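Chemist: Predicted coordinates and the sequence they were generated for:
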Amino acid sequence: MQKVNLIYGEGDVFDTHLNINPFAQKEIENKIIRSEVKNLDKHIDDGELDELLAYDVIDYIPITEAEDTLANWIKKIRVGGKICIGGTDLIEVCKSFSQYRIDITTVNDLIHGSQEKPYLTKKINFTCIGMCEYLESHFGLNILKKSVNNYKMIVEAIR
């Protein structure tokens, strides 16, 4: 059983998964690899994965590369395997801002990232509903779960 956890910047490392992070401080054999997350061909064969986690990655992929990135991730999952994609839900951020529940600084941080380091600038935003529709219509995935909590969306789908 092969499981992969994609990390962008600082994220959770799971002992049960191969963790791929382009900014990893150190590599640990069979646990943490410092590598690009947009294209997994170097490390993962097509149809090899039982599970792919990408909780806070898609927001950092340029919009012009998002479809190719998702296609690459999905082809790595075996039929019956699962993908979990997370990110900032744009609808929830805009709704909270329009209702004066969050200020402009918080909105910019949520939408554009912390920007403390150049690689922490976000490049794209999705909505939970939009991501579900996209995964279903473009890739034929079946949505298992979808949730939004504190502006973070998570979509879990099966191939």
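Modeler: Yes, it's here. The structure presented is a predicted model; accordingly, all values stated were derived computationally and were not measured.

Chemist: With I33 as the reference, measure out to the residue of the chain positioned farthest from its centre.
Modeler: Centroid-distance maximum for the chain: Y100 at 28.0 Å, with C-alpha atoms, centre = their mean. As judged by C-beta to C-beta, to the nearest Å, Y100 and I33 stand 44 Å apart. Every C-beta, even on glycine, is put in place using the N, C-alpha and C of the backbone.

Chemist: How about V79?
Modeler: 25 Å.

Chemist: Helix or strand next in line after the strand or helix carrying N19, which one?
Modeler: N19 belongs to strand 18-20 when assigned by DSSP states H and E. The helix or strand immediately downstream of strand 18-20 is strand 32-33, counting by DSSP H and E.

Chemist: tell me how far that following strand is from the chain's mean position?
Modeler: 17 Å (C-alpha atoms, centre = their mean, to the nearest Å).

Chemist: list the contacts for R78?
Modeler: G47, E48, L49, D50, R159 (C-beta atoms under 8 Å, 6 or more residues apart in numbering).

Chemist: Which of V79 and I33 has more residues huddled nearby?
Modeler: A side-by-side neighbour count of V79 and I33, using other C-beta atoms under 10 Å, places I33 first with 19 against 7.

Chemist: The more buried one and L40, how far apart?
Modeler: For I33, the distance to L40 (C-beta to C-beta) stands at 10 Å.

Chemist: Overlap in contacts, these two.
Modeler: Counting by C-beta under 8 Å, 6+ apart, the residues touching both I33 and L40 are I20.
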